[in-house]
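>>> Need a 3D model of the following:
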Amino acid sequence: MMTYVISGYALVAKALVPATAAYILFLAILAVSGNRKMISAHLLYLKEFIFLVYILSAGIITGLVFPESWRFDPDFSFNLTPFTNESLTMIFFNVLLFLPMGILLPAIFRKMNSWRNILTAAVLIPVGVEVTQMLFAGRLADIDDVIANFLGCMLGYVVYRILSALFCNRKKRPVGLGTASVLVDFLALCWGVTLRGWCLGDLVFRRLGLSAWSNNSDGVYAMSGVHYPEIVTLLLLGGALLLAGRYNKDYLAAPGAVIAVAGGVYTIVSMLLSVH
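I've put the predicted structure just below:
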């Protein structure tokens, strides 16, 4: 199972590079065109950025984005008998693959914040993915994947509704850049969370041909010295802290500041331990 997790981590790193480039270009165009107020009004478009990374990652995993070979295949291959070919591990990961879909769709698109609309998306999107895979990627269209993806999407929507209830803005505080500090914290933690000695930042650095550690030399990967991805983590957390402090009256600004400070202390300690 851990092999699948690490492989998925690597695919997210692959998606993060073009997504970040597109995101920066988009913000630059808005800034140059004089639409800077739109940037703050939409919380730096961070939710959209996370959604873009997710869509690219899911597309790479399913073979619909950056396919090695994609052509029409008239030799259709499909399975309509539930739970005959898939292992429990693959079913679990197929559920997990579409769980963010159920969270992000209603978070970004207001019309998707209803059981009827999310149910429709949870059916049509997995079916569309499987049919496209069968027609153009030469893969087996499996009813197991459709069921698992459907369950993942619906479970994600349940999570979204629970989170919405827990973090309900009862005091009607303004939602602004201070609120965005929580999203920046989330990105920083996703970037720096270590899994078997690796973090997402390491994989991105490696994909860009950059050294992740200062003690790397002559092609030898040494996990010691200054860990450069953690510097990026500190910069992101610092940015979140600045947003939370500057716009401290905004909704969730206080938790954003607390998470930034706690994450920063942890990262600094981790960097000091790796240096020595």
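>>> Only C-alpha atoms from now on, for both contacts and neighbour counts.
Noted.
>>> ok, and what's touching the least confident helix or strand in the chain by mean pLDDT?
For the chain, scoring each helix and strand by mean pLDDT, DSSP states H and E identifies strand 78-79 as the least confident one, at a mean of 72. By Cα atoms under 8 Å, 6 or more residues apart in numbering, the list of residues contacting strand 78-79 from outside reads 134, 140, 141, 142, 143.
>>> so is residue 64 in a helix, a strand, or just coil?
Under the three-state scheme (DSSP: H, G, I helix; E, B strand; the rest coil), residue 64 adopts coil.
>>> show me where pLDDT drops low in the chain?
In the predicted model of the chain, residues 1-4, 67-76, 85-86, 138, 217-221, 275-276 satisfy pLDDT under 70.
>>> now the helices: where do they sit in it?
Assigned by DSSP state H, the helices in the chain fall at 2-32, 36-41, 46-62, 88-108, 115-132, 143-166, 177-192, 200-207, 228-246, 253-275.
>>> Now render those helices as CSV, adding distance to residue 80 and mean neighbour count.
Putting the helices of the chain into CSV (distance: least, Cα to Cα, whole Å; neighbours: other Cα atoms under 10 Å) gives the following:
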stretch, distance to residue 80, mean neighbour count
helix 2-32, 25, 16
helix 36-41, 46, 14
helix 46-62, 19, 19
helix 88-108, 15, 20
helix 115-132, 12, 17
helix 143-166, 5, 20
helix 177-192, 37, 24
helix 200-207, 37, 20
helix 228-246, 45, 21
helix 253-275, 46, 17
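>>> Output those helices in CSV, with distance to residue 214 appended to each entry.
Converted to CSV, the helices of the chain look like this (distance: least, Cα to Cα, whole Å):
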stretch, distance to residue 214
helix 2-32, 21
helix 36-41, 36
helix 46-62, 28
helix 88-108, 34
helix 115-132, 42
helix 143-166, 40
helix 177-192, 17
helix 200-207, 12
helix 228-246, 8
helix 253-275, 9
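>>> Relative to residue 77, tell me which of the ones you listed wins on proximity.
The closest approach between residue 77 and any of the helices of the chain, judged by Cα to Cα, belongs to helix 115-132 at 9.8 Å.
>>> if we can go back for a sec, redo the contacts of strand 78-79 as CSV? Include distance to residue 92.
Shown next, in CSV, are these (distance: Cα to Cα, whole Å):
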residue, distance to residue 92
134, 22
140, 18
141, 17
142, 15
143, 14
